[in-house]
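Peer 1: make a model of this:
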Amino acid sequence: MYDLNVKERLTPYQYLLKDKLAGDKNRELIALLKDLKLAARQVSKELNSGALNGTLGELTGSKNTHGEKVKKLDLIANNLFIKSLENGGNCCGLVSEENDKVIIFNNETSKKSKYLVLIDPLDGSSNIDVNVPVGTIFSVLKKPANQRQTLTKDFLQEGTKQVAAGYIIYGSSTIYVLTVGKGVDAFTLDPVVQEFYLSYKNIKMPKKARMYSVNQGNFFQFSNGVQEYITWCEQKDSKTGRPYSLRYVGSMVADLHRSLLKGGLFIYSQAKGAPQGKLRLMYECNPMAFIIEQAGGLATDGKNDILNIKPKSIHQKSPIYIGSSDMVKNVCKFIKK
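Peer 2: Reported below is the predicted structural model:
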């Protein structure tokens, strides 16, 4: 459920200043969110002309900190966000999926900032070459008070400490989905003037749905509980509206964007060979959990609320079950058997 009857043509900056983050004390955070928006706009351009610019495909011999092959556009997107955030001066440090260590911004303006950013610059990048939607995911934290130097440990905060989170989905249109802890709104990029405008207001996801997202190819690698839940989803039952529809893109942003608007459940569980799953807690699970919970959904690792997990490292992994509240509660019953 969401309001598409948006009468005013407001940019994220205008909307936040007028509504969600009114007041001078929030101007730095609004400016930071604008820095992220500016980089996303440029990433959208690069994606739209990738084949023409020769930026599709992999970087020969290049892998990121997780041992994954790096696409050319992974590196381009990462550099665009780093540059925009450093030039903006509204955050003092950054954690990126593409960098082993924390990036500290040492210019004088950035040093004075009170915000930290964690980001997956291009989620689902294995889909780029076949023109399937990909996205950017980010989380914003406050730097601990009364501390001048930015340290890695400053980033190791629970998801409940996030002051903002969002994602940008690059698909048939480019949409910037955002929460600052006061509900979820979305802004669509006008390709003519290259500006985002408010298009979805106060998004609330359905409590129930008949769609789920999981990599079915890993079925026999999952725990018995997850296997039993998937089998349950496939069975015919008129009372519960089963069988449910399986929809899996292979991009967390794309799969969860559909669930946010239409309802559904996204599963990326632990598996044989991946006891903690594959997704990163700090810049994939936490920001998505913040968004989904602000829209009325739930997010768990099967035992704990994702947002309550105390991180031990910046690239820590976590299993995740996230989406419509009734569906998350139901899958947890199977997991806990």
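
Peer 1: going forward, measure contacts and count neighbours with C-alpha atoms only.
Peer 2: Will do.

Peer 1: for the closest residue to D190 other than its chain neighbours, what are its contacts?
Peer 2: Nearest in space to D190, with sequence neighbours left out and distances taken as C-alpha to C-alpha, 6 or more residues apart in numbering, is F196 at 6.0 Å. Contact analysis of F196 by C-alpha atoms under 8 Å, 6 or more residues apart in numbering lists T11, P12, I175, Y176, F187, T188, L189, D190.

Peer 1: sec struct for F196, please.
Peer 2: When classified by DSSP: H, G, I helix; E, B strand; the rest coil, F196 comes out as strand.

Peer 1: just the pLDDT for it.
Peer 2: The confidence metric pLDDT takes the value 97 at F196.

Peer 1: for the residue nearest to the spatial centre of the chain, which residues count as its bridge partners?
Peer 2: With distances taken as C-alpha atoms, centre = their mean, the residue of the chain nearest its centroid is I137 (3.4 Å). Residues in a beta bridge with I137, per DSSP bridges, are D120, Y167.

Peer 1: next: R280.
Peer 2: Residues in a beta bridge with R280, per DSSP bridges, are K317.

Peer 1: wait, it sits on S318?
Peer 2: Yes. In this structure, R280 is within contact of S318 by C-alpha atoms under 8 Å, at 6.1 Å.

Peer 1: okay, those two: which has more neighbours?
Peer 2: S318 (26 against 19; other C-alpha atoms under 10 Å).

Peer 1: right, and that one touches L281 too?
Peer 2: Yes. Counting by C-alpha under 8 Å, S318 does reach L281; the two are 5.5 Å apart.

Peer 1: where is the longest helix in this structure?
Peer 2: In the chain, with assignment by DSSP state H, the single longest helix is helix 27-48.

Peer 1: go through it and flag the buried ones.
Peer 2: 27-44, 46-47 (16 or more other C-alpha atoms under 10 Å).

Peer 1: return the set of buried residues in the helix or strand following it.
Peer 2: For helix 27-48, the following helix or strand on the C-terminal side (DSSP states H and E) is helix 50-53. Using 16+ other C-alpha under 10 Å as the test for burial, helix 50-53 gives G50.

Peer 1: same check, this time on stretch 254-262
Peer 2: Quick answer for stretch 254-262 (16+ other C-alpha under 10 Å): A254, D255, L256, H257, S259, L260, L261, K262.

Peer 1: how far away is the last one from Y248?
Peer 2: Using C-alpha to C-alpha, to the nearest Å, K262 is found at 14 Å from Y248.

Peer 1: so who does the closest residue to A164 other than its chain neighbours touch?
Peer 2: Of all residues not flanking A164 in the chain, V180 sits nearest, at 4.3 Å (C-alpha to C-alpha, 6+ apart). With contacts defined as C-alpha under 8 Å, 6+ apart, V180 is in contact with K20, V163, A164, A165.

Peer 1: what's the weakest-modelled helix or strand in the protein?
Peer 2: Here the helix or strand of the chain ranked lowest by mean pLDDT, DSSP states H and E is strand 58-63, holding a mean of 64.

Peer 1: could you point out which element follows that one?
Peer 2: That would be, after strand 58-63 and using DSSP H and E, strand 69-71.

Peer 1: for that following strand, name the packing helices and strands.
Peer 2: Applying 3 or more C-alpha pairs under 8 Å, 6 or more residues apart in numbering; DSSP states H and E, one finds that strand 69-71 makes contact with strand 58-63.

Peer 1: correct me if wrong, but V117 is in a strand.
Peer 2: Yes. Under three-state DSSP, V117 falls within a strand.
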